[in-house]
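Asker: everything below, folded, please.
(one chain, ligands or ions: 2)
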Amino acid sequence: MSKPDKSEGNPPEQGVSRRDFLKKGALAVASLTAAGYILKQDFIKKVFLESPNDSIFTSKTQITLGKWSRKALYHTSRGGLVECSLCPNECRLDVGGRGICRSRVNVNGVLYTLSYGNPCSVNIDPIEKKPLYHFLPETKAFSIATGGCNLRCKFCQNWEIAQTNPEDLKTYEMPPEKLVENVLTAKSRDSLVKSIAYTYSEPTAFYDYMLDSSKLAKSKGIRNTVITAGYINEEPLKELCSHVHAIKVDLKGFNESFYRDVCGAELSEVLKAIKTIHGEKGVWLEIVNLVVPTLNDDLGEIQSMCEWVYENVGPDVPLHFSRFHPDYKLKNLPPTPAQTLIKAREKAVEAGLHYVYVGNLATEKGGNTYCPRDGTLCVERKGYIVKNHLKDGKCPTCGTKISGIWI
Ligand code: SF4
Ligand SMILES: [Zn+2]
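Answerer: Ligands and ions are numbered 1, 2, ... in the order given. A predicted model of the protein is given here:
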């Protein structure tokens, strides 16, 4: 299976004018008293209405529900207005409106998800590609994604699907039962297939599909992994955590203005989600930081990020620094210099983190796991080729337990 091509052209979005929307937004804001809420709405306006996708909030395009579309979790309805509480964007949508994630829509006063049971990408990947380095090494993940994302990262590496409405992509018909059946078939042909990865775009945009699939997969002995930006509210995140086994969070930087201006999100919400995941028993956590030249590569900021990780989730959560490749709206920037990534890794080691990696770049040590006690090489990685020297998850020399889920 492979990633299908995008379908020809998107239907025109006929949103109300920016002035009308702002007027409407101002009225809505005036009717609210919570200062925090007003700030959030202002932030949303600033980040999203200045983009070419102004119309997605209030699209008046006729929305047709798909075969598997269903009422979305985590929302309230009042009159025709719906309020979504799945992610910190907390969209308020009039009838015909579409959330920032592109996948949740208000149809006649009820919020529906369009991204249920219809993945646009289906592949079997090495788990190291996610990257998850301390979770079932050398195994494979049945990986799926639908269209949509609740962020707007200007460096998005999967923008063709993440920044497209789910119904505008060619998709597979794969409700949770079919997905799990496909995974079991793949597993019977290749015993290294051990998990599902909800990945590529942003699984929060297909939360309902992911949640139902995870429950079913878990009941059949399949593990679930989530590759996410971690921009999700606490209650739905906790519900998800009770059915999944590993989560990789993209911590995109350590600066609020970078998060707002370049990613369309709030750093504080992502940090909160990381702490929530870490607090959930039975969920393995890894963090990735994509280092983008001139935007988030300040070594002082990277050091602060490493210190935050150490203080809030401890030294045993793996931290990956990943190399940026020019893409989407940041084609003008060069790839991250190797030296920047090597220095970032040094900062993290100095901060006391035990497992620090460099990704998307071949380095001598950056892919390997070393024993934090005596420096023994425990897991060797060259690309996706892995040599695992651990003995029952322990250092082969001194027997120190290396954090992770190894079997
Ligand atoms: S999940 Fe989608 S609709 Fe809901 S608040 Fe987030 S962006 Fe808005
Ligand atoms: Zn050791």
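Asker: return the set of buried residues in stretch 62-74.
Answerer: I63, G66, W68, S69, R70, A72, L73, Y74 (16 or more other Cβ atoms under 10 Å). Heads up, the C-betas are built off the backbone N, CA and C, glycines and all.
Asker: in JSON lines, list those along with pLDDT, secondary structure and distance to ligand 2.
Answerer: As requested, those are exported to JSON lines (pLDDT from 0 to 100; DSSP: H, G, I helix; E, B strand; the rest coil; distance: Cβ to the ion, whole Å):
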{"residue": "I63", "pLDDT": "83", "secondary structure": "coil", "distance to ligand 2": "57"}
{"residue": "G66", "pLDDT": "89", "secondary structure": "coil", "distance to ligand 2": "52"}
{"residue": "W68", "pLDDT": "93", "secondary structure": "coil", "distance to ligand 2": "49"}
{"residue": "S69", "pLDDT": "95", "secondary structure": "coil", "distance to ligand 2": "52"}
{"residue": "R70", "pLDDT": "95", "secondary structure": "strand", "distance to ligand 2": "50"}
{"residue": "A72", "pLDDT": "98", "secondary structure": "coil", "distance to ligand 2": "48"}
{"residue": "L73", "pLDDT": "98", "secondary structure": "coil", "distance to ligand 2": "45"}
{"residue": "Y74", "pLDDT": "98", "secondary structure": "coil", "distance to ligand 2": "45"}
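Asker: tell me the bridge partners for A141.
Answerer: Going by DSSP bridges, A141 is paired in beta bridges with D125, S195.
Asker: any idea how far it lies from ligand 2?
Answerer: Separation of A141 from ligand 2 (Cβ to the ion, to the nearest Å): 29 Å.
Asker: and the helix or strand encompassing I161, how far out from the chain middle?
Answerer: For I161, the element it lies in under DSSP states H and E is helix 159-162. Centroid separation for helix 159-162 versus its chain: 13 Å, with Cα atoms, centre = their mean, to the nearest Å.
Asker: pull the residues that contact it.
Answerer: With contacts defined as Cβ atoms under 8 Å, 6 or more residues apart in numbering, helix 159-162 is touched by 3, 6, 120-121, 145-149, 156, 169, 200-202, 327-328.
Asker: could you turn the buried ones of the residues you listed into a PyMOL selection?
Answerer: Per 16+ other Cβ under 10 Å, the buried members of the contacts of helix 159-162 correspond to this PyMOL selection:
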select buried, resi 3+120+121+145+146+147+148+149+156+169+200+201+202+328
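Asker: would you point out which residue is most central in this structure?
Answerer: Among the residues of the chain, T228 comes closest to the average C-alpha position under Cα atoms, centre = their mean, at 1.6 Å.
Asker: pretty sure that one is touching D250, no?
Answerer: Yes: counting by Cβ atoms under 8 Å, T228 touches D250, with 7.1 Å between them.
Asker: check contacts around the residue in the stretch 201-350 of the chain that ligand 1 sits nearest to.
Answerer: Here the residue of the stretch 201-350 of the chain nearest ligand 1 is T204; by Cβ to the nearest ligand atom that distance is 6.1 Å. For T204, the contacting residues are L86, C87, C101, N150, T228, A229, Y231, I232, by Cβ under 8 Å, 6+ apart.
Asker: now R345
Answerer: With contact set as Cβ under 8 Å, 6+ apart, R345 has these partners: F321, V356, Y357, V358, G366.
Asker: repeat for T397
Answerer: C371, D374, T376.
Asker: at 10 Å instead, please
Answerer: By Cβ atoms under 10 Å, 6 or more residues apart in numbering, T397 lies in contact with C371, R373, D374, G375, T376, L377, C378, H389, K391.
Asker: my guess is the fourth one contacts C395. True?
Answerer: Just to be clear, that refers to G375. Yes: using Cβ atoms under 10 Å, G375 makes contact with C395 at a distance of 9.5 Å.
Asker: looking at these two now, which is surrounded by more residues?
Answerer: C395 (22 against 11; other Cβ atoms under 10 Å).
Asker: now that one. Nearest residue, chain neighbours left out?
Answerer: In space, C395 comes closest to C371 once its chain neighbours are excluded; the distance is 3.9 Å by Cβ to Cβ, 6 or more residues apart in numbering.
Asker: list the buried residues of stretch 135-153.
Answerer: By 16+ other Cβ under 10 Å, the buried positions in stretch 135-153 come out as 135-153.
Asker: which of the residues you listed fall within strands?
Answerer: With DSSP state E as the criterion, strands contain K140, A141, F142, S143, I144, A145 from among these.
Asker: give me the number of residues near H325?
Answerer: 15.
Asker: which residues touch it?
Answerer: F155, Q157, L290, K331, L333, P334, P335, T336, N360.
Asker: what's the strand ranked longest in the chain packed up against?
Answerer: As assigned by DSSP E, the longest strand anywhere in the chain is strand 284-291. Secondary-structure packing of strand 284-291 (3 or more Cβ pairs under 10 Å, 6 or more residues apart in numbering; DSSP states H and E): strand 223-228, strand 246-250, helix 267-279, helix 299-313, strand 319-323, helix 338-350, strand 356-359.
Asker: average pLDDT for the last one?
Answerer: Taken as a whole, strand 356-359 carries a mean pLDDT of 96.
Asker: ok, residues contacting it?
Answerer: For strand 356-359, the external contacting residues (Cβ under 10 Å, 6+ apart) are 128-129, 131, 133, 286, 288-291, 306, 309, 315, 318-323, 336, 338, 340-342, 344-350, 363-370, 381.
Asker: just the buried ones from those?
Answerer: Neighbour-count burial (16+ other Cβ under 10 Å) applied to the contacts of strand 356-359 gives 128-129, 131, 133, 286, 288-291, 306, 309, 315, 318-323, 336, 340-342, 344-345, 347-349, 366-370, 381.
Asker: which element is D212 on?
Answerer: helix 207-219.
Asker: quick one, the longest strand of the chain and strand 223-228 angle?
Answerer: 30 degrees (axes from the mean of the first three to the mean of the last three Cα atoms, to 10 degrees).
Asker: walk me through which strands strand 284-291 pairs with, and which way each runs.
Answerer: Strand 284-291 has these partner strands in its sheet, going by DSSP bridges: strand 246-250 (parallel), strand 319-323 (parallel).
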